[in-house]
Structures are given as C-alpha cells and as structure tokens.
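> sequence-free structure coming up:
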C-alpha cells in the first residue's frame, strides 16, 4: 500500500487520479480522508476514475483525521474491505493536516483500540508527501507561511507543523506544480527539501503526473529509518554533512549548544524575532528558573512553539538515572556534578540568513557569570507551565 500526504491544494487527489488512469491493470482500492463533513476528494476520485463508492472500491472518511480521531474507524473499514473485496493494492489519501507517523504506525504496527490487525494483511510499501512548489516559492519571496491551509478547527495543530511532519517522514517527495515556478527557484526549493529530508527521493511533477512505478511497489518504506531521517535529527547526530548543492543555493544548518541556562525573557524575544530565512528549528533548551523540565523549540516556517517538552534525567530517581546511563552512556559522559544533564541543543535550518549574527544573539541569551548567581525564580516565565505554546504565527 501507498499513503499520500500533503497540504490542502498540493495535488494529492490529482496525483491519485493520475495513478489510477495511468495504471489500468492496477487492481486497487482507495481510501480518501477529508477533514470536512463532505468528502469532496472522494467524489473527484470517483468522477475521474473507474472506481466507485457504491462497490466499496473507494472508502471515504470525513469529518476527522485518520491520524487521530478516525484511526480506529479507518482500520475497521480497511479490515472490512479486505474481507469483502479481492484487490492487490491499497492507496490512501490522507487529509491536508494529517500527521504521517501515526498513519504509518497504524498499518505497520497495528492499533490497540481497533479489532482489526492490519499487519498480516497490508504491507506498507511507500510513504509519499506531495509539496506545493508554488506555495514554497511564494513563502520564500514573502516570508509568509509555507502553506495556505487554515488552522485545524478541532485542535491546536498549525498547518505548517503538519506540512513539516509530512516532509520529514516520507520515502518520496513529489514537488508538484513545478510549471508555476522558475527553474532556478526550483533548484533552491529542492535544496531546502533535501536539507529538511535527506533520505527521501525528490521527484518534480506538473499536475500530479508521476510515473506509477515511482510510488507503487517501491519497497522503500522502513519505519525505523524513516523515523530518524529528518534533517534536524541527522544534524544533531552527525553534524554538518550536506552536499554542495545545498551550499550552492544558500541553504545552511547548524547546532547551537550550551551548558548554561538561557535567560527566559531574552530567549523568548529572540524566538519571536527569528529571521524569516529560518525554515526549521528544533531541539531542547534549559530556561533559568525551570530546572524541573526540559523546554522544547519547534519552528516550522513562520510558526514557532516553545515550552515544556520533557524531563531532565537529573530530576529522576537514582534507579531510573542508572537505567538511562546504561542505555545511553553519552549522558553520563557529559554529566555535570551540579546540574546533571541540563543544557541546550538547538538545530537551525534555513536559507540566506546570517548564521554568525544568530549565534551571537543566542550567546547573548545565555546567562552571564553575574546572572548565574542571581535568584532565577524571580525571572518571568514566558513559556507556559504545561505545554508548548505558539509564540509567532504568520498572518494568513
């Protein structure tokens, strides 16, 4: 089976219809997910292909997302489909704000709240993400959001976050609507995508026209590899490794680390004013006065979230600490006698930004010698008590 992800208007349905029209011998069933009450995409697939909803060749799932609310319902439907119909391939088109990882987990490992176990029936072959090249190009030129989607009405997911998830977890990246973007700009967009997702194969398309063999029966999916393939994760693990193509187009990335805490107010101001050229930022940080929790940063396009994200090993009971040390020896190697594993490690990926200036600004946010002796509990806490919150969100 192949799963198609991508933001609203990127061309998922067009791509799906092209595959169904091109591969006439493909004995396939289709599942189409739409957040709205009326599944327009399912109707489009039915009109433009030989498949029909009446014969259960097309399953429509509306008014929710298959990565969360409709996850169990999806398995019930594909289980029923496997029992009642004879077909060779399942094509899934997820909603524009769908997160690909839960969908992949559902098919690769099952879902405890569903009666049907897909692991012995379906084989996840390829995760495909469709990216709107024209929207990326406009965002580069204007500094606005990477997608025109509206905010998820049933949650607090920002569309740019979903888009970044789709880019960072896939086997194939279809850069669609390339006919609307100049070639030199396409080279730059591709360089950015390659930095964000080094593992995926990038294919340029117009009107969703991709050769079926590029996304069907590829054998490319590997859950563990896909989970670790995001550019920011590789940057943390391996350091700078990018090919000259990325450097040629002004795409850069770096890791900032510090073993002292940040001043919360200064860092919050920096986060709200990060350069437009920073497309992705991710990592954890130590905010002075919040020694109880590791803070997280998550920047996708113009959306910036920061706040409580995890637990320092230093706050755990000794027995749990020892288990962590055994599993990850690097923690103990960098252990501070007073502060344990508290520290900061932030990855920044972007284009045409002043790296030296940003590094200097980050260093200025780290506590000075005099501030290390102050009472940090008197500092304001702009990051919230319970969860990450939105600091910056581009206008629609």
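Received, thanks. Everything numeric here is computed off the predicted structure, so don't read it as measured data.
> So, low pLDDT: which residues of the stretch 201-350 of the chain?
231-250 (pLDDT under 70).
> Now with 50, please.
240-246 (pLDDT under 50).
> same check, this time on the stretch 51-200 of the chain
Using pLDDT under 50, the stretch 51-200 of the chain drops low at 51-54, 145, 148-158.
> can you map out the helices along it?
Under the criterion DSSP state H, counting those that start in this stretch, helices of the stretch 51-200 of the chain are mapped to 71-84, 100-109, 133-142, 159-168, 183-196.
> Give me whichever of those helices is most buried.
The highest average neighbour count among the helices of the stretch 51-200 of the chain, using mean count of other Cβ atoms under 10 Å, belongs to helix 159-168 at a mean of 25. C-beta here means a position set from N, CA and C on the backbone, and glycine is covered the same way.
> can you put the helices of the stretch 51-200 of the chain in JSON lines and add distance to residue 293?
Converted to JSON lines, the helices of the stretch 51-200 of the chain look like this (distance: least, Cβ to Cβ, whole Å):
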{"stretch": "helix 71-84", "distance to residue 293": "29"}
{"stretch": "helix 100-109", "distance to residue 293": "24"}
{"stretch": "helix 133-142", "distance to residue 293": "33"}
{"stretch": "helix 159-168", "distance to residue 293": "21"}
{"stretch": "helix 183-196", "distance to residue 293": "28"}
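> For residue 284, which of those is the nearest?
The minimum distance between residue 284 and those falls on helix 159-168, with 17.1 Å, by Cβ to Cβ.
> Helix 100-109 and that closest one, what's the angle between them?
Angle of helix 159-168 versus helix 100-109, following axes from the mean of the first three to the mean of the last three Cα atoms, to 10 degrees, is 40 degrees.
> by contact count, what packs against helix 159-168?
strand 2-6, helix 100-109, strand 126-132, helix 183-196, strand 294-300, strand 303-310 (3 or more Cβ pairs under 8 Å, 6 or more residues apart in numbering; DSSP states H and E).
> Would you mind putting the ones you listed into a markdown table with distance to residue 367 alongside?
Converted to a markdown table, the helices and strands packed on helix 159-168 look like this (distance: least, Cβ to Cβ, whole Å):
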| stretch | distance to residue 367 |
| --- | --- |
| strand 2-6 | 41 |
| helix 100-109 | 36 |
| strand 126-132 | 40 |
| helix 183-196 | 31 |
| strand 294-300 | 14 |
| strand 303-310 | 17 |
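> For residue 268, which of the ones you listed is the nearest?
Smallest distance to residue 268 across those (Cβ to Cβ): 7.3 Å, for strand 303-310.
> What strands flank the closest one, and is each parallel or antiparallel?
Looking at strand 303-310 with DSSP bridges, its partner strands are strand 294-300 (antiparallel), strand 389-392 (antiparallel).
> can you list the residues that contact the next helix or strand after it?
Scanning forward in sequence from strand 303-310 by DSSP states H and E, the next helix or strand is helix 318-327. Helix 318-327 is touched from outside by 313, 314, 316, 331, 332, with contacts defined as Cβ atoms under 8 Å, 6 or more residues apart in numbering.
> rerun that using 7 Å as the cut-off
By Cβ atoms under 7 Å, 6 or more residues apart in numbering, the surrounding residues in contact with helix 318-327 are 313, 331, 332.
> what's in contact with whichever strand or helix holds the second one?
For residue 331, the element it lies in under DSSP H and E is helix 329-333. Counting by Cβ under 7 Å, 6+ apart, helix 329-333 makes contact with 313, 324, 325, 341, all of which sit outside it.
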